[in-house]
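1. I would like the atomic coordinates for the input below:
(chains A and B)
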2 protein chains.
Amino acid sequence: MILSSFSVVTSSVLTPLLASAVGVESEFYAKALAAAVAFVTVVVFLFAQLFGELAIRLSLPAVLGELIAGFILGVSGIHCIVLGNGGEVADWTVAAVQLISGSDTTTIQEVFAGPIRILLNQYAELGVGVLLFKIGLEADLEELIKVGPQAASVAVAGVILPFVAGFVGLTSIFHLSAIASIFAAAALTATSIGITSRIMQDMGVLNTKEGQIILGAAVLDDILGIAILAVAIGIAEHGTVEISSVIGTIVSATLFVISAIVLNKVFGPRYINFLSRFSNPYSVLIGSIIFLSLMGTIANVIGLEEILGCFAAGIILGNTKATAALEKACEPLVALFATVFFVSIGAKTDLSVLNLANPESRTGLVIAAFLIVIAILGKLAAGYFVFSKENVNRLAIGTGMVPRGEVGLVFAGLGATTGTLTGSLNVAIVLMVIATTFVAPPMLRWVFASNQTVTNQEQQPVAK
Amino acid sequence: MILSSFSVVTSSVLTPLLASAVGVESEFYAKALAAAVAFVTVVVFLFAQLFGELAIRLSLPAVLGELIAGFILGVSGIHCIVLGNGGEVADWTVAAVQLISGSDTTTIQEVFAGPIRILLNQYAELGVGVLLFKIGLEADLEELIKVGPQAASVAVAGVILPFVAGFVGLTSIFHLSAIASIFAAAALTATSIGITSRIMQDMGVLNTKEGQIILGAAVLDDILGIAILAVAIGIAEHGTVEISSVIGTIVSATLFVISAIVLNKVFGPRYINFLSRFSNPYSVLIGSIIFLSLMGTIANVIGLEEILGCFAAGIILGNTKATAALEKACEPLVALFATVFFVSIGAKTDLSVLNLANPESRTGLVIAAFLIVIAILGKLAAGYFVFSKENVNRLAIGTGMVPRGEVGLVFAGLGATTGTLTGSLNVAIVLMVIATTFVAPPMLRWVFASNQTVTNQEQQPVAK
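-> I've put the predicted structure just below:
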């Protein structure tokens, strides 16, 4: 993982760029970089692992623990990793790296300000890219079509209701700008397929009728959510709400997703067959990474976000003979790099804006409370849009749609970095994601306990 | 993989550092970085995959193809990725990234000079770290003890003979400095366990008696080779050959390896048991990455190279109930990041020093020829150190030890970056690694064809 001698190259590359500002000696720099990489690797994974476990033991999703690990390590906590623009890493972190490497304080601070930020941000991007690729792979289009219009109606209602209620409330009650309101309302839409399916699997209700509708709706919901994310960011980058821009983005997002669904039939299996003819057993993974990068680039060139490209790449390569093996090969990458992504979201979130002595912070908390109420009620109401004559537990379906996760956090992360969501509004979204994810498991347990259709109660403990 | 909006953070981090030298606009920088990351990802994996396949189709190890992909992409080829200090990337590469991102030429060149080099070097380090960790995991100590003293005598002879012959020849015939000669001679010692076992598996002779002795010797050889690597680099960093330093490094390397073997019994299984009690199915992988980083740091603090720490971490966690699953989880990481390592070694190697019009280059070629002869004859002779009364094909054992691979290339890479091996000597080592790896498969086929003990001829094609 860490080769100080190799880092001499890094250092000799950086030296001409940093020399004037930093004035460091090459060997010191290489040792500081190697030590800092090892230090950051250990603390990020140690905290993510411990708090992830704590969350699971409390019957909560591990991703919550990873976020909390980020809060603790980042600007809201002990300043061990500082990824945003806000300040330097803590003295004790510098001292620890100094103890290992023997480098001077200035060099270590520059290593944290430069290469470590580049590395953590790129690891986080790799993680979220592969995560959304994997979500795309898991989005089994055939299964979705089978679960049918019921899932679709829940998904559409579950996107429209919170979005409209959120947008109207934020602009009319809180008098926020249209663009900030769109972004925050968009963050209310997407159910986390990963979290929802994980929770239902843990509870053994994944194979119930309600479970299947939830899963189907969550998949479609993810597609809608990512399309809305592309729209929201497109709007944020243009600075104003232009109808032509909105329509343009919606059209290209729709075409892109439709193309992905069509390519899933006509291109995906052929590309996988082509890759399978290579001798390297990881040819399918390597070919997928190439495809992922190309799709991300194409998405970017036509004005969409790269993550939509990663997701579309997953959709296209889904449901082939190699998809299961490919998902398996992505798992270690997601386990490591998506963890960096969630920890970095926590580390970037400045909870100090929630200081109750500050009037603006109190507003932020009020906004958070509003978003949480809309987020929960919006999805519960969506559950009643199931038009089935069968005896279906509509409350359970709505409850299953409540947890926002990966996509909601992607909104928060992107909103913060594009500068659209400043201070309290960003924190409000993160709090909404945390609250919905925390509240869903006990609610699901309660509503499924009163569910007469739960016949296939297969208990699958999380522990391996 | 690539999120331009996320890259805003990277850019805003870099801006204060680079602003004076580069003077770029933040958004341009972010777009250029995203496009450059995608571009580099595509070309590195595309070329590695295609040339790896070509190598396999020619019955050669894939790693040779990855090296050649690096030659083509790097300073010896089309200058598509330039990792060393030598110059800028090719104009067409800049033009391609410009076409995707719309950024200006200067920004794109700075992105390739800064973040892309940091990223590729760190990906390469992650790759070689996990690769050596995995080699450590595979080094089954029980099996090695069973194959017994025969493997040990082959390994020791196979390390001493090429090292002494190489050192004496380089200092006496070529009048090279003692330190450069030690480094180059050390690069002659380590058989590639990965390449050797892969070749034997492809030929179906892994389960013969000769195959098992070769495997056992290759494992021990790897340990000896990495210990020698630590010594060589320790010497290189002190600049002169100090007996106390040599003894100190040998003692600490020996103690470190012995500690690893002891810890494999008393700590490894307990740590794995501890990690297995976590709910996250990838806890063992994450706990291993933490352990890997700690061991690398400890190795560094006591004066050894970090890769010895990664290897020792693998030894310690080898042969437990979770080792097979852990090896499996490491495979996608190795498939992606070790590929970056091998391609980057090729990309850094400047073959233009082998210009025959240049007298110094002709010397380099003569040194390469000398190293190749010593590398092959040294291992063939070592095969005759098997003290068995059985009818053993000693020539086959020696031939199986011929291919140098990962460790030899690690020597070349580290030698180049520490500045010990300049120009032609570094190229000579790389040519030696290539030649031994190219020559071994046909030689093995020939000597095993005349082998009466090959009874278990199980043909396992490489193709999946």
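2. Only C-alpha atoms from now on, for both contacts and neighbour counts.
-> Fine.
3. Pull the number of nearby residues for the closest residue to chain B within the stretch 251-400 of chain A.
-> Relative to chain B, the nearest point of the stretch 251-400 of chain A is A:Ser279 (4.4 Å; CA to the nearest CA). Residues lying near A:Ser279 (other CA atoms under 10 Å in any protein chain shown) number 19.
4. now A:Gly102: how far from chain B?
-> 9 Å (CA to the nearest CA, to the nearest Å).
5. Tell me who's in contact with that residue.
-> Counting by CA atoms under 8 Å, 6 or more residues apart in numbering or on different chains, A:Gly102 touches A:Phe28, A:Lys31, A:Ala32.
6. ok, the second one touching A:Asp104?
-> Just to be clear, that refers to A:Lys31. No. The criterion here is CA atoms under 8 Å, and A:Lys31 misses it with A:Asp104 at 10.3 Å.
7. Report the contact partners of A:Val284.
-> Going by CA under 8 Å, 6+ apart, A:Val284 touches A:Ile272, A:Leu275, A:Ser276, A:Ala322, A:Leu326.
8. Which neighbouring elements make contact with the helix or strand hosting the first one?
-> Secondary structure assignment for A:Ile272, by DSSP states H and E: helix A:268-276. Judged by 3 or more CA pairs under 8 Å, 6 or more residues apart in numbering or on different chains; DSSP states H and E, helix A:268-276 is in contact with helix A:283-301.
9. distance between the helix it packs on and the chain's centre?
-> Distance, stretch centre to chain centre, for helix A:283-301: 19 Å (CA atoms, centre = their mean, to the nearest Å).
10. does the helix or strand just after it come close to chain B?
-> Per DSSP H and E, the first helix or strand lying C-terminal to helix A:283-301 is helix A:306-316. Yes. If you take CA under 8 Å from any CA of the partner chain as the test, helix A:306-316 does meet chain B, through A:Glu306, A:Ile307, A:Cys310.
11. what does stretch A:285-292 give?
-> Yes. Residues of stretch A:285-292 contacting chain B under CA under 8 Å from any CA: A:Leu285, A:Ile286, A:Gly287, A:Ile289, A:Ile290, A:Leu292.
12. With neighbour count and distance to B:Ile397 added, can I get the residues you listed in TSV?
-> As requested, the residues of stretch A:285-292 next to chain B are exported to TSV (neighbours: other CA atoms under 10 Å in any protein chain shown; distance: CA to CA, whole Å):
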residue	neighbour count	distance to B:Ile397
A:Leu285	24	35
A:Ile286	23	34
A:Gly287	20	37
A:Ile289	24	39
A:Ile290	21	40
A:Leu292	28	44
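13. for those residues, which one is nearest A:Gly216?
-> A:Leu292 (24.0 Å; CA to CA).
14. hang on, isn't that closest one packed against A:Ile316?
-> No. With contact defined as CA under 8 Å, A:Leu292 does not count as touching A:Ile316 (10.3 Å).
15. Where does pLDDT dip in the stretch 251-400 of chain A?
-> Along the stretch 251-400 of chain A, the model assigns pLDDT under 70 to residues A:253-254, A:303-305, A:353-354, A:360, A:389.
16. and it, which of its residues are near chain B?
-> Applying CA under 8 Å from any CA, we find that the stretch 251-400 of chain A lies next to chain B at A:276-283, A:285-287, A:289-290, A:292-294, A:296-297, A:301, A:305-307, A:310, A:329-330, A:332-333, A:335-336.
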